[in-house]
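Predicted model and sequence follow; I will ask about them next.
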Amino acid sequence: MDYIHKPVLLDESVKGLNIKEDGIYVDCTLGGGGHTEEILKKATKGKVIGIDQDDYAIERASEKLSSYKNFIPVKNNFSKIEEILNELNIEKIDGIIFDLGVSSFQLDIPERGFSYNYDMPLDMRMDKSQTTTARHIVNGYEENELTRILWDYGEEKWAARIAKFIVEEREQEFIETTGQLVSIIKKAIPKSARQEGSHPAKKTFQAIRIEVNRELEILENTVKAAVERLTKKGRICVITFHSLEDRIIKNTFAELNKDCICPPEFPKCMCEHRRKLKIITKKPITPSEEELTENRRAHSAKLRIGERV
């Protein structure tokens, strides 16, 4: 399958990085290489590191960007940003970008098990070398734990009912495919509710994907580690696709924008925390009407930008 990927908020995020010709930049979510290529076009005398935990993404982006001699692909999870930079003997960087969520090509390859539009084995791993899959979670987690995941990570109001139906179904036979899971979700959600809004399985699939890949638990610490590596006036751009991610980024930026994070009842500062980030986007940047028309997957995207102080 050809790897077709439309990077979201491309112009806005690349502009937000305020790229210097000789700067060092990191794309923590290489994917199809769209953002990376635009950075490479501007940082012609610098270095651009592209990180992805997906072998297929690394392979295809490396082919696409092979003409750029200053491109460094790294197969790893972006949570290892400090380790990656240390191995490359890079102390400080001029900018870093995160384009969070699942890539278009991962959704478009049915065998990856991310999509509810195909009947394929339950997988959802971004890194194929890890052992935990969606199949393990759906068939192995206790009912209360499934409920928690669907509620916390999917904001699914029918979480308890869907979890109950999953447990009842798997007692009869193992749930092996995305098609089976979609069928169970449709049975669990009342018909009247299924007719509202998006696909009834969307939130459940999002929640399970987040759990499989530990997407949210690594996010806050990774952003803080990334900001530590920025040079003065270096920029961080983060594109999120759902409210859970955006809330973490918004709150993390707010914390990094403060001189003191002590509880308000403390008579004086005890934390010795100092402001590290200036927030460039008071409100997140969202896609234009033109982009939304051209790329339906951009509709929930939000871009937040910060600058090292």
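Sure, I can see it.

quick one: Glu145 from Ile166, how far?
Distance of Glu145 to Ile166, given as CB to CB, to the nearest Å: 11 Å. Where C-beta positions appear, they are placed from N, C-alpha and C, glycine not excepted.

what does Asp55 give?
Applying CB to CB to Asp55 and Ile166 gives a distance of 30 Å.

ok, the two, which is more surrounded?
Remark: of Asp55 and Ile166, Ile166 carries more neighbours, 25 against 12, as counted by other CB atoms under 10 Å.

As a check, name the ranges of all helices in this protein.
All helices of the chain, identified by DSSP state H, fall at 10-16, 34-42, 55-64, 81-87, 104-108, 134-140, 143-154, 159-172, 178-188, 191-194, 202-213, 219-229, 243-256, 289-294.

what about this structure, any weak spots by pLDDT?
Across the chain, the ranges flagged by pLDDT under 70 are 1-5, 101, 103-108, 195.

In it, spot the strand with the most residues.
strand 230-240 (DSSP state E).

What residues sit buried inside that one?
In terms of neighbour count (16 or more other CB atoms under 10 Å), strand 230-240 has its buried residues at Leu230, Gly234, Arg235, Ile236, Cys237, Val238, Ile239, Thr240.

Grab the nearest non-local neighbour of Lys187.
Phe165 (5.9 Å; CB to CB, 6 or more residues apart in numbering).

wait, doesn't that neighbour sit right on Val182?
No: with contact defined as CB atoms under 8 Å, Phe165 does not count as touching Val182 (11.9 Å).

wait, doesn't Trp151 sit right on Ala159?
Yes: between Trp151 and Ala159 there is a contact under CB under 8 Å: 4.0 Å.

out of the two, which sits in the busier spot?
Each of Trp151 and Ala159 has its neighbours counted (other CB under 10 Å); Ala159 has more, 22 against 18.

ok, the more buried one touching Tyr153?
No: the criterion here is CB under 8 Å, and Ala159 misses it with Tyr153 at 9.6 Å.

Overlap of the contact sets of the two?
Residues touching both Ala159 and Tyr153 (CB atoms under 8 Å, 6 or more residues apart in numbering): there are none.

measure Ile166 to Tyr25 for me?
Using CB to CB, one obtains 43 Å as the distance from Ile166 to Tyr25.

Tyr153 too?
For Tyr153 relative to Tyr25 (CB to CB), the value is 30 Å.

Equivalent analysis for Ile248, please.
Per CB to CB, Ile248 is found 23 Å from Tyr25.

same thing with Lys42?
Relative to Tyr25, Lys42 is positioned 9 Å away (criterion: CB to CB).

Of those two, which one has the most company?
Tyr25 (27 against 17).

hang on, that one packs against Gly46?
Yes: using CB under 8 Å, Tyr25 makes contact with Gly46 at a distance of 6.8 Å.

shared neighbours of those two, anything?
Residues touching both Tyr25 and Gly46 by CB under 8 Å, 6+ apart: Asp94.

Much appreciated, bye for now.
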